[in-house]
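# only the shape, not the letters, is given here:
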């Protein structure tokens, strides 16, 4: 599954912050050619690129709102003008939404699904033929423990992540005969900015409910992605990364 240069390629959506940033860094450390997608925060994207440059790595940045069909098509057109193949696609881009259902507008609901689910669909659709034609590939979708068990006041988010799990299982069956593997990573409570709405007491309560006794890190999720990228006989699986949380 090597590129013509002999180096594998990976594209990480939403890869300039949080979990996506850690995934991008880990794959750079593994020797991949890494392409990082971002949506709108160019300052953060350039800062991440500069940070990685200082570590001796040279990731490529590609801008696209993954919920926008044309922008996704343009992004992959640019990607395949740079590389002859994509070995690993990691659909990490996502947004959170915390609100009781009575105060969740249709626009709120549609925006969460547009990014968290439709974005993955659009990206997968763009790379499917390329991966099939190349004789194989790997797609990893980043879901959430709330997609497995649900979360109060996060109905839209939980539903979008549950949909992503179903999407993963269906697409894995469709693409398996062509040696394209599709799996899902399901992070538990990960130490990112998404937890800023919690009080310190609430964080302590969450940690108490995690058997391993700590919050997860972006690096924990990145290692799970690296395993799936290399696991040639694993497809259609949901890999929890939550320290035993919600089990």
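Yep, it's here. Please read these numbers as outputs of a predicted model, since none were measured by experiment. Numbering: from 1, shown residues only.
# what lies in contact with the top helix by length along the chain?
Longest helix in the chain, counting residues (DSSP state H): helix 155-175. Helix 155-175 is contacted from outside by 91, 94, 96-99, 101, 104, 108-109, 112-113, 116-117, 120-121, 124, 128, 131-132, 139, 141, 143-144, 146-148, 150-151, 181-184, 186, 235-236, 238, using Cβ atoms under 8 Å, 6 or more residues apart in numbering. C-beta coordinates here come from the backbone N, C-alpha and C atoms, glycine included.
# next SSE after that helix?
Next along the chain after helix 155-175, taking DSSP states H and E as the criterion, comes strand 180-187.
# ok, and what's touching the helix or strand just after that next one?
Downstream of strand 180-187, the next assigned helix or strand under DSSP H and E is helix 200-208. Helix 200-208 has contacts (Cβ under 8 Å, 6+ apart) with 189, 195, 198, 213-215, 245.
# min pLDDT across these, which one?
On pLDDT alone, residue 195 ranks lowest of the contacts of helix 200-208, at 73.
# residues touching that one, list them.
The contact partners of residue 195, by Cβ under 8 Å, 6+ apart, come to 189, 203, 215.
# tell me the pLDDT of the closest residue to residue 147 other than its chain neighbours.
If the residues on either side of it in the chain are set aside, residue 147 comes closest to residue 161, at 2.8 Å by Cβ to Cβ, 6 or more residues apart in numbering. Note for residue 161: predicted pLDDT of 98.
# now residue 161: how far from residue 185?
Residue 161 is 11 Å from residue 185, where distance means Cβ to Cβ, to the nearest Å.
# identify the contacts common to these two.
Joint contacts of residue 161 and residue 185 (Cβ under 8 Å, 6+ apart) are residue 143.
# residue ranges with poor pLDDT in the protein?
1-6, 247 (pLDDT under 70).
# pick out the residue nearest the middle of it.
The centroid of the chain falls nearest to residue 92 when counting by Cα atoms, centre = their mean (1.7 Å).
# what residues are up against that one?
Taking Cβ under 8 Å, 6+ apart as the definition, contacts of residue 92 comprise 12-15, 19-20, 23, 142.
# can you flag the buried ones in those?
The neighbour-count test (16 or more other Cβ atoms under 10 Å) applied to the contacts of residue 92 identifies 12-15, 19-20, 23, 142 as buried.
# which of those residues fall in helices?
Among the buried ones among the contacts of residue 92, the members found in helices (DSSP H) are 19-20, 23.
# so what does residue 140 look like in phi/psi?
phi -130, psi 120 (degrees, to the nearest 10).
# how about the contacts made by it?
If you count contacts by Cβ under 8 Å, 6+ apart, then residue 140 has 88-91, 182-185, 225, 228-229 around it.
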